[in-house]
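Engineer: Please work out how this folds:
(one chain, ligands or ions: 1)
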Amino acid sequence: VCARIRNKSNNKEESCIKVINDTTIHLTPGDSKLTECQFSRVFDSNVSQKRLFDCVAQTMVDDLVRGKNGLLFTYGVTSSGKTYTMTGSLEEPGFLPRCLDMLFNSITAVQASKYVFVPDGMNGFHVQSEADALLEKQERDILPQLTPKTPNKIESAATFSFRNINVHYKEKNINPECRYSVFVSYVEIYNDYVYDLLGDVQLDPFNRPKPPQSKRLREDKNKNMFVYGVSQVEVASTEEAFAAFQQGQERRRIAHTQLNAESSRSHSILNIRLVQAPLDPLGEDLLQERSLICASQLSLVDLAGSERMARTGAGGERSREAGNINSSLMTLRRCLEQLRENQKNGSSDMVKYRNSKLTHLFKSYFEGHGKVKMVVCLNPNMAEYDENIHVVQFAEMAQQVEVARSEDFKVDTESIKRKAMEAKVKAEEERRKQHTAMKQLNKEASGGCLASPDYSLGQPFPNLEVMDYADNETVPGLISMLEHRIGRMNAIKKRVSRYGEIFRSNLSSCTQHEQSVQQQLKDCEADLANKTKELNKLDRQVKKLESKNQVLTRTTQVFEKEKKQLQDQLSDAEAMLKSSQSDSRRLEMKMKGAVANTKAHVEKECEKRVRTVQTEMQEKMWVKDERLRQLKNIIS
Ligand SMILES: Nc1ncnc2c1ncn2[C@@H]1O[C@H](COP(=O)(O)OP(=O)(O)OP(=O)(O)O)[C@@H](O)[C@H]1O
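Structural biologist: Predicted coordinates for the structure are as follows:
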């Protein structure tokens, strides 16, 4: 567990963290209170991205190449520099691009052709022949053009050229007798659901992207947890891998808009998987034996901000998010605590990994199937003191957990080499044997051994006549001549039988050779038949797609026509609407004028009537007053 302290947001403000040495920091809220924390390594705000990579992540790439798994995660509160450390920028690349760069630099000379390794859907891989891989490549190159499925094309890999990765590390443990391929998958855990960020986007009937579907976690035959059905994209360079990552980021942004989420409230996990398999004894094709294929992975995890519920000040949906993050990080904490307890007491109490997707996914790492490293990011602002205390407490506890070391993947190159040598020697011996036999036969045939004089039994019989029984010259001469003839005959017999043997052995080796050629021919014919079948299938698919394409083109034309008609209708309707609007405006003006006139007229009329009534009333009052006065006079 390492700590990285980021720079202060305001230089004038006092810092709550003081770096004492390479492994110790002091945390203080400003007064005399002081908490000391130990880490395996402390990096202050001046540390460069490169140095951090050298010290923390480089060995994890070494392990990846040796066939070992690794988990590297950043932990800390929001804005403490987790994403900066993990991903960085094009100018200041973080762990992720640097790991990819080192990996591709290391395997560049021994990279397998694309699509030779095929994911089997259960976290494993199998190997297919170069020819099948080529066929698949052609299919993939052609089919997407015919079926434009989703609007999620991977951004051009050339877009990403990282500055400051000029280190070009190379891992020395690359086995030249193996071939390697890299796959990436990218998932996020949000509200305890796992989403695939590199899968095809499903569209709704209105051609809008559908909200993402959650994935399940499963265990493979090696007891490693994996996201079932997750997309694994094969990448051939750092740029291609980063382009896939960027596509995932974009998908994440869209999904967050759909789910009304905030990116800092989800955990994101990029898995870099390195697959390797040895070459056959002749060093030509990859061996297809499953047991010889090794797939190792490096999981780079950017955890959600670790602040506590009260700090988030959230309500409603946000409070549920905060709760889920807290619960997943809390489960992580509990699991690590239980592991520590088990290790301390030698007990084997159950660790409840299943309580959250995060811990469930990384269960295998904590059980010793790989190396785990954590970079704790700390923000030195005084306001973060309380949160920092919780973060370092977690880190200190995590440091006490020991994860068992996993074993290197070793290809038995010695036995493969031995086999190769044996096969070579045998083939060479066979060739030499045949060659000598042929040479011998030719030599003997052309060197006159088989020519007629060699088959002769010697001088022809002289004309002999024995006249005297005491002839001591003729009979012994005849006897020696006959003995010589018998010797010649035996030698010829011996030679003929040797020729017969050589001929028979040549015939048998020729027959064997012919049989093996016949077998090869049969294999080739079967292969050809398969290929022809596949080709026919592809041909049919192409035809089907072409006819679909035609139908779609026609439908598009019909729709285009309808669209044009509808557009015409729309513009007519708009024109009508405009004219009726201006009519109604005119009518409104007219009505307003009429209303004003009528109002003025009515007001005038009213005033007139009021005045008349007033006059009448005044006259009546005057008459009444007059009568009252007269009445008063009469009374008085
Ligand atoms: N060590 C650093 N040096 C320079 N800038 C940094 C450093 N750490 C973080 N920053 C900057 O601070 C800002 C916030 O950092 P970042 O996004 O990495 O935080 P975070 O912890 O990932 O936050 P969140 O939890 O919201 O994802 C970014 O603009 C980043 O560039």
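Engineer: Please make it C-alpha for all contacts and neighbour counts, starting now.
Structural biologist: OK.
Engineer: Pull out the buried residues from stretch 494-504.
Structural biologist: Along stretch 494-504, the positions that meet the burial threshold by neighbour count (16 or more other C-alpha atoms under 10 Å) are 499, 502.
Engineer: Give me every residue in this structure lying close to the ligand.
Structural biologist: 6-7, 45, 77-84, 264, 304-305 (C-alpha under 6 Å from any ligand atom).
Engineer: helix, strand or coil for the one residue in the stretch 301-450 of the chain that gets nearest to the ligand?
Structural biologist: Nearest residue of the stretch 301-450 of the chain to the ligand: residue 305, at 4.1 Å (C-alpha to the nearest ligand atom). Assigned with DSSP: H, G, I helix; E, B strand; the rest coil, residue 305 falls in the coil class.
Engineer: List the contacts of the closest residue to residue 350 other than its chain neighbours.
Structural biologist: Nearest non-adjacent residue to residue 350, counting by C-alpha to C-alpha, 6 or more residues apart in numbering: residue 338, 8.0 Å away. Applying C-alpha atoms under 8 Å, 6 or more residues apart in numbering to residue 338 gives the contacts 349, 350, 351.
Engineer: Show the pLDDT at residue 338.
Structural biologist: Residue 338 carries a pLDDT score of 87 in this model.
Engineer: cool, and residue 454?
Structural biologist: So, for residue 454, pLDDT stands at 65.
Engineer: Check residue 573 too.
Structural biologist: For residue 573, the predicted pLDDT is 95.
Engineer: how far away is it from the ligand?
Structural biologist: Using C-alpha to the nearest ligand atom, to the nearest Å, residue 573 is found at 50 Å from the ligand.
Engineer: how far away is that residue from residue 605?
Structural biologist: From residue 573 over to residue 605 the distance is 46 Å, taken as C-alpha to C-alpha, to the nearest Å.
Engineer: Residue 358 too?
Structural biologist: 86 Å.
Engineer: Also residue 26?
Structural biologist: Applying C-alpha to C-alpha to residue 26 and residue 605 gives a distance of 93 Å.
Engineer: more neighbours, the two?
Structural biologist: A direct count of neighbours by other C-alpha atoms under 10 Å for residue 26 and residue 605 places residue 26 higher, at 16 against 12.
Engineer: from memory residue 297 sits against residue 270, does it?
Structural biologist: No - taking contacts as C-alpha atoms under 8 Å, residue 297 lies outside contact range of residue 270: 10.0 Å.
Engineer: Looking at these two, which is more packed in?
Structural biologist: Higher neighbour count among residue 297 and residue 270: residue 297, with 25 against 20, using other C-alpha under 10 Å.
Engineer: so what's the nearest residue to residue 17 once chain neighbours are set aside bridging to?
Structural biologist: Nearest residue to residue 17, sequence neighbours excluded (C-alpha to C-alpha, 6+ apart): residue 27, at 4.7 Å. Counting by DSSP bridges, residue 27 forms beta bridges with residue 17, residue 35.
Engineer: give me the number of residues near residue 27?
Structural biologist: Using other C-alpha under 10 Å, the number of residues around residue 27 comes to 22.
Engineer: Okay, it and residue 383: tell me how far apart.
Structural biologist: 12 Å.
Engineer: Pull out the buried positions in stretch 9-26.
Structural biologist: 15, 16, 17, 19, 24, 25, 26.
Engineer: separation between residue 357 and residue 214?
Structural biologist: Counting by C-alpha to C-alpha - residue 357 and residue 214 are separated by 11 Å.
Engineer: on that earlier part again, ok, the residue nearest to residue 17 touching residue 14?
Structural biologist: No - applying C-alpha under 8 Å as the test, residue 27 and residue 14 come out as separate, 12.0 Å apart.
Engineer: Show me this protein divided up by domain.
Structural biologist: 2-411, 412-455, 456-468+481-635 (automatic domain parsing).
Engineer: Give the residue spans of the protein that score low on pLDDT.
Structural biologist: Residues of the chain meeting the criterion pLDDT under 70: 32, 141-172, 255-264, 281-282, 306-326, 402-421, 423-424, 434, 437-438, 440-454.
Engineer: and with 50 instead?
Structural biologist: 146-158, 309-315, 448-453 (pLDDT under 50).
Engineer: coming back round to it: write a PyMOL command that selects only the buried members of the residues of the chain next to the ligand.
Structural biologist: A single PyMOL command selects the buried members of these (16+ other C-alpha under 10 Å):
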select buried, resi 6+7+77+78+80+81+82+83+84+264+304+305
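Engineer: for the stretch 251-400 of the chain, what spans make up the strands?
Structural biologist: 267-278, 294-302, 371-378 (DSSP state E, counting those that start in this stretch).
Engineer: Dump those strands to TSV, plus distance to residue 330.
Structural biologist: Output for those, formatted as TSV (distance: least, C-alpha to C-alpha, whole Å):
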stretch	distance to residue 330
strand 267-278	14
strand 294-302	16
strand 371-378	16
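Engineer: longest single helix anywhere in the chain?
Structural biologist: Taking DSSP state H as the criterion, the chain has its longest helix at helix 474-635.
Engineer: just how off-centre is it within its chain?
Structural biologist: Its chain's average C-alpha position is 26 Å from that of helix 474-635, according to C-alpha atoms, centre = their mean, to the nearest Å.
Engineer: Which elements pack onto it?
Structural biologist: helix 130-146, helix 413-446 (3 or more C-alpha pairs under 8 Å, 6 or more residues apart in numbering; DSSP states H and E).
Engineer: Against residue 245, how distant is the residue of the stretch 301-450 of the chain closest to the ligand?
Structural biologist: The gap separating residue 305 from residue 245 is 21 Å, by C-alpha to C-alpha.
Engineer: Same question for residue 506.
Structural biologist: 63 Å.
Engineer: Give me the more crowded residue out of these two.
Structural biologist: Higher neighbour count among residue 506 and residue 245: residue 245, with 23 against 18, using other C-alpha under 10 Å.
Engineer: Reduced to three states, what does residue 200 come out as?
Structural biologist: At residue 200 the chain is in coil, as set by three-state DSSP.
Engineer: number of nearby residues for it?
Structural biologist: 15.
Engineer: Quick check: closest non-adjacent residue to the residue nearest the centre of the chain.
Structural biologist: In the chain, the C-alpha nearest the mean C-alpha coordinate belongs to residue 184, at 2.0 Å (C-alpha atoms, centre = their mean). Among residues not flanking residue 184 along the chain, residue 272 sits closest, at 4.8 Å (C-alpha to C-alpha, 6+ apart).
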